[in-house]
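Undergrad: Take this sequence and fold it.
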Amino acid sequence: LTPPVGATQALASVSGPIEVRPAQENPAQATLDVQIRPIAALPGTDAKALATTLKAIVSPALLLARNPRTLIQVVGQALSGAETGSGSGSAGRGWPASLTSSLVNATTAALVNAGSIPMCGVVCAVAVGRVNAEEGGQEATLVLDPEEAELPRLAGGGCFAFMFSSLLGPQIVPIMHP
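TA: Numbers count the residues shown, from 1 in each chain. As a prediction, the model looks like this:
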C-alpha cells in the first residue's frame, strides 16, 4: 500500500558552498542563509521568521566548520496553501505546521541530494494537531499532517523535528516549532 499524498507541498534548493560577500564572511565556519518564498506575494515578516526557525532546525545537522569563509544558501518555496492563505506568509494567516514540516523535509532532501555540504545527521519533521472531542463524548484525537480543511478545527498542534545521526551517539535534542 502506498500512503495517500497530502495536499501540503514545498520545494527547496541548495547552493553551496559558494563564495560569500565579505560582510557575511565567517572565518570559522560557512554562513548559512535560509530564505522562504510564499506561494503568493513577497516574503514578509512571517516568511523571515520561518526562515530563522528553519535555519535553527537544520543547522545542528550541518558541519559548517568544514567550509569556512563560504556561503550555503537554502531557498524554500511553499507550493500549497492558496485556499486558506496559509502559504502566503504575512499576507495570509501565517504558516501552518504542516507546511513548516514540509519545508524542513524538503530542505533535508535538498541537502542530502546536493552532496556538497557535509552533514552529521538527517533532520525529519512531522506536523501534529489535536482535534477536540465532539459533543458526543469522544476523546480528543491526534492528527498527523493535518490538511488545510482541518486547520480551523484544531485545538492545538505544531511541527516536531527530529535529527537522526550515528555520529552523535544516544542523545535527545528536541527541536519544536509552535
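Undergrad: could you pull out the strands for this protein?
TA: Listed in chain order, the strands of the chain (DSSP state E) span 10-19, 31-37, 70-78, 122-131, 141-144, 154-164, 175-177.
Undergrad: For the fourth one, list every residue counted as buried.
TA: The neighbour-count criterion (16 or more other CB atoms under 10 Å) identifies 123, 125-131 as the buried residues of strand 122-131. Every C-beta, even on glycine, is put in place using the N, C-alpha and C of the backbone.
Undergrad: Would you tell me which one of the strands of the chain is buried the most?
TA: strand 70-78 (a mean of 21; mean count of other CB atoms under 10 Å).
Undergrad: Local confidence estimate at the closest residue to Ala61 other than its chain neighbours?
TA: Of all residues not flanking Ala61 in the chain, Gly121 sits nearest, at 4.5 Å (CB to CB, 6 or more residues apart in numbering). Gly121 carries a pLDDT value of 91.
Undergrad: Return the member of the buried residues of strand 122-131 nearest to Arg66.
TA: Val123 (17.7 Å; CB to CB).
Undergrad: Hmm, Val58 and the closest one touching each other?
TA: Yes: counting by CB atoms under 8 Å, Val58 is a contact partner of Val123 at 5.8 Å.
Undergrad: Find residues that contact each of the two.
TA: Counting by CB atoms under 8 Å, 6 or more residues apart in numbering, the residues touching both Val123 and Val58 are 104, 107-108.
Undergrad: Can you flag which of these belong to helices?
TA: 104, 107-108 (DSSP state H).
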